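Visitor: Sequence first, predicted model second:
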Amino acid sequence: MLGVATVAAALCGAPSTMRAFVKESLLKSPAYEAAYPHVPALGDLHKTYTKLPDSCEVLLRVAASSVNPSDISPSTAVLPHVYGSDVSGTVVSVQSSCTRLKVGDKVWGDIGANCGHGKELGGYADYAVALESQLGFVPPSIGLIEAGVMGKVALTSYKALVWYAGAPWKNSPTVLVLGGSGGTGSTGIQLAKAYGASKIITTTSKDNFDYCRGLGADTLIDYQTQNWWEVLADDSVDVVYDCVGQSGTGDRAMEKIKSGGYYVTITGALASKVKPGVQQNMFINSDTNLNNTEQLDAISSLMSADKLRIRKITVLGLPEVEKGFDISRTHLTVGKVAISVSNSTF
């Protein structure tokens, strides 16, 4: 049942101010504002950005977002601009052309799309506008905090493995995930397992071995004491999924991947010379982030089956976004950092 505040928002629209973490101008650093006067409205996206898909717009009461490395210094040609790409929340209003979502639906997704004039964004606020095509239904068994940290990392790993690495697999491959304890690594390990990998190898610190084993990793390499390219034999893996971006990764990966295998990086660390029979790709999720309904439905099914979860979440409040950035800058985040926007999100 909708609460009183949600019903009011649905009937009367959002209030005149809201809390937000926002970049006001080129001269100011992004900061938290307790009474930000620019509350989003239906139609804002199509007024602001060109080349959007033919999708209606949806107004959300945001429950949670998260911190990803790309959230710290996004391209924001349109100012002022609310930051935050991941989002979960409750639909409070929809355009008349919407056919899939309705007021009261619990939804989640990644609204950090590259839209030609910088990134869309808007998750670090009480209200956000998104395209209907960017949102999925939150599985009943999943809390809004977890849904709020899942979007970008799950979509990134899903696309990396399904679009560019041949998943789901029938040949039971050996998969190497570089950086297994972070957000994309955590989702990458679980997706690899769900999609048929027979053996999953990952790099992480020794302190995170148990965490990564719990996600489904079989072989752990402590990157602080060993180099994975010295540990693994040549032609010993079928897929390398790079979530780290260390210099030289692509060339080192080519030596380890069997003919017929795949190398996918989300960091740009491509090989200078591709081994015959190996496919190499690099992609950025934000470039493919305006029509995610099919992918979100597939991910939601895995979440409902407990095959894809964020097993460790550090929860901060909306005024603590900068603290979340500081944690992300250490490159030592285990799981995800959540930004809890509303008070009842578990």
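Guide: Alright, I've got the coordinates. Numbers count the residues shown, from 1 in each chain.
Visitor: element containing the closest residue in space to I327 that isn't next to it in sequence, please.
Guide: Nearest in space to I327, with sequence neighbours left out and distances taken as Cβ to Cβ, 6 or more residues apart in numbering, is V337 at 5.5 Å. Where C-beta positions appear, they are placed from N, C-alpha and C, glycine not excepted. Using DSSP states H and E, V337 falls within strand 336-340.
Visitor: Dump that strand to CSV, keeping only the CA atoms.
Guide: Extracted C-alpha coordinates of strand 336-340, given in CSV (Å, rounded to 0.1, in the frame of the first residue of the first chain):
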residue,chain,number,x,y,z
LYS,A,336,29.4,-1.7,-2.9
VAL,A,337,28.9,1.6,-1.1
ALA,A,338,25.2,2.5,-0.9
ILE,A,339,23.7,5.9,-0.5
SER,A,340,20.5,5.6,1.5
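Visitor: Could you pull out the buried residues of the host helix or strand of Y241?
Guide: For Y241, the host element (DSSP H and E) is strand 237-242. Residues of strand 237-242 classed as buried: V237, D238, V239, V240, Y241, D242 (neighbour count, 16 or more other Cβ atoms under 10 Å).
Visitor: Surely S16 and V39 touch.
Guide: Yes. Counting by Cβ atoms under 8 Å, S16 does reach V39; the two are 6.5 Å apart.
Visitor: between these two, which one's more packed in?
Guide: Using other Cβ atoms under 10 Å, the more surrounded residue of S16 and V39 is V39, with 20 against 9.
Visitor: quick one: secondary structure of the closest residue to the more buried one other than its chain neighbours?
Guide: The shortest distance from V39 to any non-neighbouring residue, by Cβ to Cβ, 6+ apart, is to A14 (4.6 Å). Following DSSP: H, G, I helix; E, B strand; the rest coil, A14 is assigned to coil.
Visitor: for A14, what are its contacts?
Guide: V39, P40, A41, L59, V92, D126, Y127 (Cβ atoms under 8 Å, 6 or more residues apart in numbering).
Visitor: tell me which of those residues is nearest to K47?
Guide: A41 (9.3 Å; Cβ to Cβ).
Visitor: For burial, what's the neighbour tally of the closest one?
Guide: 15.
Visitor: tell me the two of the buried residues of strand 237-242 that are most distant?
Guide: With Cβ to Cβ as the measure, no two of these lie farther apart than D238 and D242, at 14.5 Å.
Visitor: I figured I201 hits L232, correct?
Guide: Yes. Judged on Cβ under 8 Å, I201 makes contact with L232 at a distance of 7.2 Å.
Visitor: more crowded one of these two?
Guide: With neighbours defined as other Cβ under 10 Å, I201 and L232 compare such that I201 has more, 25 against 20.
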